[in-house]
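Engineer: coordinates only, sequence not included:
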């Protein structure tokens, strides 16, 4: 969601008030809800560190991205397009690893799949079709596995297969 300059400044000032009031001893969660700061209480510590590192000024708390994506950049999208062109059957998990190796960006599987889908490079739904050679090899292997699985009539007593449930004399 993109914020206007005025909205970003207002949010930074509310964050500053959250820090100051909490430092004075007020309940952090209650103050956060009252000021309508869209952050979790667990993010208070890093926010306070950023505020102190910035000279205790509200400008240090400004949203720095300005609504611009940091992970789905043009370079990442171009890389994904090239990778899918080389091997169209690449999975999202494999692409996530390649993006990490190339850019050292930890991108979620959901975000990566959204980028691939936006570019129109998604694999077709369902399981990939088996290659016909693999089916023939599998059928041949089954035929060989069953070969010789019979017993001549005169030797059945040696294997005890005919007497399995019968009592012994």
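Structural biologist: Structure's in. What do you need? Please read all numbers here as calculations on a predicted model, not as lab measurements.
Engineer: Spatially nearest residue to residue 88, not counting backbone neighbours?
Structural biologist: Using Cβ to Cβ, 6 or more residues apart in numbering and skipping the chain neighbours, the partner closest in space to residue 88 is residue 123 (7.0 Å). Bear in mind the C-beta positions are built from the backbone N, C-alpha and C, glycine included.
Engineer: was I right about the one you found contacting residue 89?
Structural biologist: Yes: taking Cβ atoms under 8 Å as the definition, residue 123 is a contact partner of residue 89 at 6.5 Å.
Engineer: These two: which is more packed in?
Structural biologist: Set residue 123 next to residue 89 and count neighbours by other Cβ atoms under 10 Å: residue 123 wins out with 13 against 8.
Engineer: For the more buried one, grab phi and psi.
Structural biologist: For residue 123, the backbone dihedrals are phi -70, psi 150 (criterion: degrees, to the nearest 10).
Engineer: Pull the contacting residues for it.
Structural biologist: 88-89, 91 (Cβ atoms under 8 Å, 6 or more residues apart in numbering).
Engineer: Could you do residue 21 as well?
Structural biologist: For residue 21, the contact set (Cβ under 8 Å, 6+ apart) comprises residue 31.
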